[in-house]
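J.: Turn this into a structure:
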Amino acid sequence: MTSSEVDFGPKLALYQRAGVQEYITVEGLGRRMIWRVLENGVYVAQTLPPDGIVRSQVFAGLWLDVAAFWADDGAKVLAALNAGLASEDHQRFVERLAVGM
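T.: Sure thing, here's the model as predicted:
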(Lines give C-alpha, C1' and ligand atoms only; values in the text may rest on other atoms or scores of the structure.)
Protein backbone atom coordinates (compact mmCIF):
# COMPACT_ATOMS: atom_id res chain seq x y z
CA MET A 1 0.00 0.00 0.00
CA THR A 2 1.40 3.43 -0.94
CA SER A 3 1.58 6.44 1.37
CA SER A 4 -1.20 8.11 -0.63
CA GLU A 5 -3.40 5.05 -0.31
CA VAL A 6 -2.91 5.13 3.46
CA ASP A 7 -3.45 8.91 3.70
CA PHE A 8 -6.62 8.86 1.60
CA GLY A 9 -7.93 5.61 3.12
CA PRO A 10 -7.27 4.08 6.54
CA LYS A 11 -5.60 7.16 8.05
CA LEU A 12 -8.44 9.39 6.87
CA ALA A 13 -11.01 7.07 8.47
CA LEU A 14 -8.98 6.80 11.68
CA TYR A 15 -8.60 10.57 12.03
CA GLN A 16 -12.29 11.08 11.35
CA ARG A 17 -13.26 8.56 14.07
CA ALA A 18 -10.78 10.18 16.48
CA GLY A 19 -12.35 13.59 15.92
CA VAL A 20 -9.32 15.31 14.33
CA GLN A 21 -10.84 18.66 13.35
CA GLU A 22 -8.85 19.25 10.16
CA TYR A 23 -6.91 16.91 7.92
CA ILE A 24 -4.83 17.80 4.88
CA THR A 25 -3.86 15.16 2.36
CA VAL A 26 -1.24 15.90 -0.28
CA GLU A 27 -0.45 13.70 -3.25
CA GLY A 28 2.63 15.00 -4.99
CA LEU A 29 2.48 12.92 -8.17
CA GLY A 30 -1.16 13.76 -8.78
CA ARG A 31 -0.66 17.34 -7.60
CA ARG A 32 -3.69 16.92 -5.41
CA MET A 33 -4.29 18.57 -2.05
CA ILE A 34 -7.47 18.22 -0.06
CA TRP A 35 -8.07 20.25 3.09
CA ARG A 36 -10.88 18.65 5.06
CA VAL A 37 -12.82 19.97 8.05
CA LEU A 38 -14.76 17.71 10.40
CA GLU A 39 -18.45 18.66 10.37
CA ASN A 40 -20.95 16.59 12.35
CA GLY A 41 -18.45 13.74 12.57
CA VAL A 42 -17.74 13.61 8.83
CA TYR A 43 -14.95 15.19 6.82
CA VAL A 44 -15.99 17.81 4.29
CA ALA A 45 -13.49 18.88 1.63
CA GLN A 46 -13.01 22.62 1.58
CA THR A 47 -13.42 24.53 -1.65
CA LEU A 48 -10.43 26.57 -2.77
CA PRO A 49 -11.37 30.24 -2.31
CA PRO A 50 -11.01 32.70 -5.23
CA ASP A 51 -7.73 34.09 -3.81
CA GLY A 52 -6.25 30.56 -3.72
CA ILE A 53 -5.42 30.72 -0.03
CA VAL A 54 -6.80 28.03 2.26
CA ARG A 55 -7.38 29.19 5.84
CA SER A 56 -7.51 26.83 8.78
CA GLN A 57 -10.74 26.90 10.77
CA VAL A 58 -9.03 25.34 13.78
CA PHE A 59 -5.74 27.28 13.91
CA ALA A 60 -6.69 30.86 13.03
CA GLY A 61 -3.87 32.43 11.07
CA LEU A 62 -2.64 29.22 9.44
CA TRP A 63 -2.95 30.14 5.77
CA LEU A 64 -1.62 28.23 2.76
CA ASP A 65 -1.27 29.63 -0.76
CA VAL A 66 -1.96 26.46 -2.71
CA ALA A 67 -0.64 27.66 -6.10
CA ALA A 68 2.60 28.85 -4.46
CA PHE A 69 2.92 25.49 -2.70
CA TRP A 70 2.69 23.59 -6.00
CA ALA A 71 5.00 26.10 -7.72
CA ASP A 72 7.56 25.53 -4.95
CA ASP A 73 7.55 29.30 -4.34
CA GLY A 74 8.69 29.38 -0.74
CA ALA A 75 8.66 33.18 -0.56
CA LYS A 76 5.01 33.32 -1.59
CA VAL A 77 4.06 30.47 0.77
CA LEU A 78 5.79 32.32 3.61
CA ALA A 79 4.10 35.61 2.65
CA ALA A 80 0.66 33.98 2.94
CA LEU A 81 1.58 32.41 6.27
CA ASN A 82 2.91 35.72 7.61
CA ALA A 83 -0.27 37.50 6.48
CA GLY A 84 -2.29 34.93 8.39
CA LEU A 85 -0.16 35.33 11.48
CA ALA A 86 -0.65 39.10 11.29
CA SER A 87 -4.45 38.78 11.02
CA GLU A 88 -6.84 39.87 13.74
CA ASP A 89 -8.27 36.34 13.83
CA HIS A 90 -4.83 34.97 14.74
CA GLN A 91 -4.33 37.59 17.43
CA ARG A 92 -7.67 36.65 19.03
CA PHE A 93 -6.71 32.96 18.75
CA VAL A 94 -3.41 33.61 20.58
CA GLU A 95 -5.24 35.59 23.28
CA ARG A 96 -7.69 32.71 23.82
CA LEU A 97 -4.78 30.29 24.13
CA ALA A 98 -3.02 32.54 26.65
CA VAL A 99 -6.15 32.73 28.83
CA GLY A 100 -6.44 28.94 28.80
CA MET A 101 -2.88 28.46 30.09
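J.: From one end of stretch 84-92 to the other, what's the distance?
T.: 12 Å (Cα to Cα, to the nearest Å).
J.: Give me the distance between residue 38 and residue 21.
T.: In this view, residue 38 and residue 21 are 5 Å apart by Cβ to Cβ, to the nearest Å. Placement of C-beta: from N, CA and C, glycine included.
J.: go on, residue 76?
T.: In terms of Cβ to Cβ, residue 76 sits 26 Å off from residue 21.
J.: next one: residue 73
T.: Using Cβ to Cβ, residue 73 is found at 28 Å from residue 21.
J.: neighbour count winner among residue 38 and residue 21?
T.: residue 38 (18 against 14; other Cβ atoms under 10 Å).
J.: Look at that one and tell me its secondary structure.
T.: Classification of residue 38 by DSSP: H, G, I helix; E, B strand; the rest coil places it in strand.
J.: Bridge partners for it, pull those for me.
T.: Counting by DSSP bridges, residue 38 is bridged to residue 43.
J.: The protein: strands as residue ranges?
T.: Listed in chain order, the strands of the chain (DSSP state E) span 22-27, 32-39, 42-45, 53-55, 63-65.
J.: closest one to residue 92 among those?
T.: strand 53-55 (13.9 Å; Cβ to Cβ).
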